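J.: No sequence on hand, only this structure:
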Ligand code: ATP
Ligand code: MG
């Protein structure tokens, strides 16, 4: 019998279940983590007690998923999901079980789970491991394997297709041959899954330590076509002068080059050149992708919208992509640097530099210093310290001042403010109220008030 050390915080909880005469198991990822000697994440529990019975024996219980037999208990300031043993009978739509039936044994409960490595339970009363499908062997061998007949399991719930890849890249496991073949055959059925569930799995793959492998697996299993067809067009499209053989590989490698704790930057890296195949032109033997920055920003917006990512994230990602093609050189004038800052937004500059670093990594596979960016960063810091104006909000006058000086309320105010900003970005010395009002009056009279 295999005994695993029970996390100390679970002992008093297990005692409450025992007192009530109920079974109690740790299940899911936490068992896997304990067996792999890594720090467990969420501690999910399974029991033969029904939700009302769990509610009766614990003081603080939230009915989080009663329909699925799940409640959340609050215990010593932490939350634990407790699910009554279940079997899931039929899935006629490949999305969710038609009915959820309670089961009486942990073995039955484990048999509804997706992969052998997720089908292991730890008995919290005596620490013994319940492992009916050889999950521990598969952990030892580093294999993701479906419980039972893969195709059948993927038919029940097509999300498992993505989960298999997610676990493989998260844990650095191989996918069992049969399971992989099952994924290939069932790949088109992923289109039945809601965008939100697909998004959550994609997010985890993209933020994993090896997003490139996840993307290659999606490509090689046929899942890319239904999930991210926009990336598929980059397969085989050459990427001149880089280590990556095609646009797809460049994007996959760039994603790896962005910080894993920043979903926005990983998504920006993933999509920054997505329109290159559409924009590909050859000129004098050189490949050109004219306009791919704007077009990639547009396509990214559509992709992320379809996947129901939050609007703020979408806006930020497409903004970074739209501006990723700047080519700083030392001969940029201060005025040019200020215009760049004005276009990009001071608050976005570091993210844009991070995208540039990811892009460089995506070309070379190496993290190397970028002297041009270092220099640009220094110049920006000087300008910020001097409070050089790069937005109309930084001007010494505002719309109210302009109206008081005789410019009529309406579009002329905005146009004049933008003109003043252009003036000040060329010559910061002009950013004083009296001077700007004078320039504004002249601009209005000469250029805007043409009839008058
Ligand atoms: P993580 O550490 O990433 O949270 P996890 O294994 O806990 O990994 P969850 O998605 O939290 O993954 O699911 C918890 C457990 O519930 C899984 O280990 C698995 O046993 C079961 N499970 C979750 N989703 C499914 C599914 N779609 N089909 C079958 N079993 C599932
Ligand atoms: Mg979990």
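T.: The structure has been received and is ready for your questions. Every value quoted in this text rests on a predicted model; they were computed, and no experiment measured them. Ligands and ions are numbered 1, 2, ... in the order given.

J.: What residues does the protein have near ligand 1?
T.: Selection of the chain residues close to ligand 1 by C-beta under 6 Å from any ligand atom yields 28-29, 41-42, 44, 113-114, 118, 157, 159-160. All C-beta atoms are positioned from the backbone trio N, CA, C, and that covers glycine.

J.: let's see it at 5 Å
T.: Within the chain, the positions adjacent to ligand 1 are 28-29, 41, 113-114, 118, 157 by C-beta under 5 Å from any ligand atom.

J.: Specify which member of those residues is nearest to residue 372.
T.: Distance to residue 372, by C-beta to C-beta, is smallest for residue 41 among the residues of the chain next to ligand 1, at 40.9 Å.

J.: Relative to residue 109, how far out is the spatially closest residue to that closest one that is not a sequence neighbour?
T.: Ranked by C-beta to C-beta, 6 or more residues apart in numbering and with sequence neighbours excluded, the top spatial neighbour of residue 41 is residue 29, at 5.8 Å. Separation of residue 29 from residue 109 (C-beta to C-beta, to the nearest Å) stands at 15 Å.

J.: Run a quick neighbour tally on the residue in the stretch 351-452 of the chain that ligand 1 sits nearest to.
T.: When distances are taken as C-beta to the nearest ligand atom, the stretch 351-452 of the chain reaches nearest to ligand 1 at residue 358, 24.4 Å away. Residue 358 has 26 neighbours, counted by other C-beta atoms under 10 Å.

J.: Now it: which helix or strand?
T.: Using DSSP states H and E, the element containing residue 358 is helix 349-364.

J.: what about residue 411, neighbour count?
T.: 9.

J.: Ramachandran coordinates for it?
T.: Dihedral angles of residue 411 (phi, psi; degrees, to the nearest 10) stand at phi -60, psi -30.

J.: all strands of the stretch 251-400 of the chain, in order?
T.: With DSSP state E, counting those that start in this stretch as the criterion, the stretch 251-400 of the chain has strands at 281-283, 286-288.

J.: averaged over its residues, what pLDDT does the first one have?
T.: This means strand 281-283. The average of the pLDDT scores along strand 281-283 is 84.

J.: Repeat that for the last one.
T.: The predicted model assigns strand 286-288 a mean pLDDT of 82.

J.: for residue 320, what are its contacts?
T.: Contacts of residue 320 were listed using C-beta atoms under 8 Å, 6 or more residues apart in numbering, and they are 264-265, 268, 272, 348, 351-352, 355.

J.: Redo the residues you listed as TSV? Include neighbour count and distance to residue 67.
T.: What follows is the contacts of residue 320, written out as TSV (neighbours: other C-beta atoms under 10 Å; distance: C-beta to C-beta, whole Å):
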residue	neighbour count	distance to residue 67
264	19	34
265	23	37
268	30	38
272	30	42
348	16	43
351	21	41
352	21	45
355	24	42
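
J.: so which of the residues you listed also contact ligand 2?
T.: When C-beta under 5 Å from the ion is applied, no member of the contacts of residue 320 is adjacent to ligand 2.

J.: Looking at these, which one is closest to ligand 2?
T.: residue 264 (23.8 Å; C-beta to the ion).

J.: pretty sure the closest one is touching residue 348, no?
T.: No - using C-beta atoms under 8 Å, residue 264 is not in contact with residue 348; the gap is 10.5 Å.

J.: Give me the buried positions along stretch 170-178.
T.: Residues of stretch 170-178 classed as buried by neighbour count (16 or more other C-beta atoms under 10 Å): 170-171, 173, 175-176.

J.: which other residues reach that stretch?
T.: With C-beta under 8 Å, 6+ apart, stretch 170-178 has contacts from 32, 36, 117, 138, 142-146, 150, 164-165, 167-168, 183, 204, 208-210, 217.

J.: Tell me the residues on this structure that lie near ligand 2, please.
T.: So far as C-beta under 5 Å from the ion goes, the chain lies against ligand 2 at 28-29, 42.

J.: buried subset of those residues?
T.: 28-29.

J.: can you list contacts of stretch 100-108?
T.: Contacts for stretch 100-108 (C-beta under 8 Å, 6+ apart): 23, 25, 46, 48, 50, 67-69, 84-89, 109, 121, 123, 130, 132.

J.: Quick one: distance of it to the chain centre.
T.: Its chain's C-alpha centre and that of stretch 100-108 lie 34 Å apart, by C-alpha atoms, centre = their mean, to the nearest Å.

J.: If we go by neighbour counts, what in it is buried?
T.: 100, 103, 106.

J.: which regions of this protein sit below the pLDDT cut-off?
T.: For the chain, the stretches with pLDDT under 70 are 1, 89-99, 241, 450-452.

J.: Which residue is it, in it, that comes closest to ligand 1?
T.: residue 29 (2.6 Å).

J.: That residue contacts residue 38, correct?
T.: No - the pair residue 29 / residue 38 is not scored as a contact, 9.9 Å apart, by C-beta under 8 Å.

J.: Please tell me how far residue 146 sits from residue 115.
T.: 6 Å.

J.: so what sits against both of those two?
T.: With C-beta under 8 Å, 6+ apart, residue 146 and residue 115 have common neighbours 160, 164, 179.

J.: quick one: which of these sit in strands?
T.: Of these, none are assigned to strands by DSSP state E.

J.: So which of these is the closest to ligand 2?
T.: Nearest to ligand 2 out of these is residue 160 (C-beta to the ion; 14.6 Å).

J.: Name the nearest residue to the closest one, sequence neighbours excluded.
T.: residue 114 is the one closest to residue 160 (C-beta to C-beta, 6+ apart), at 4.8 Å.

J.: In this model residue 44 seems to touch residue 80, though I could be wrong.
T.: Yes - Residue 80 is in contact with residue 44 according to C-beta under 8 Å; the separation is 7.3 Å.

J.: quick one on the thing from earlier: are there residues contacting both of residue 264 and residue 348? Which ones?
T.: 316, 320.

J.: Okay, buried residues for stretch 226-237 please.
T.: Quick answer for stretch 226-237 (16+ other C-beta under 10 Å): 226-228, 230-231, 233-234, 237.
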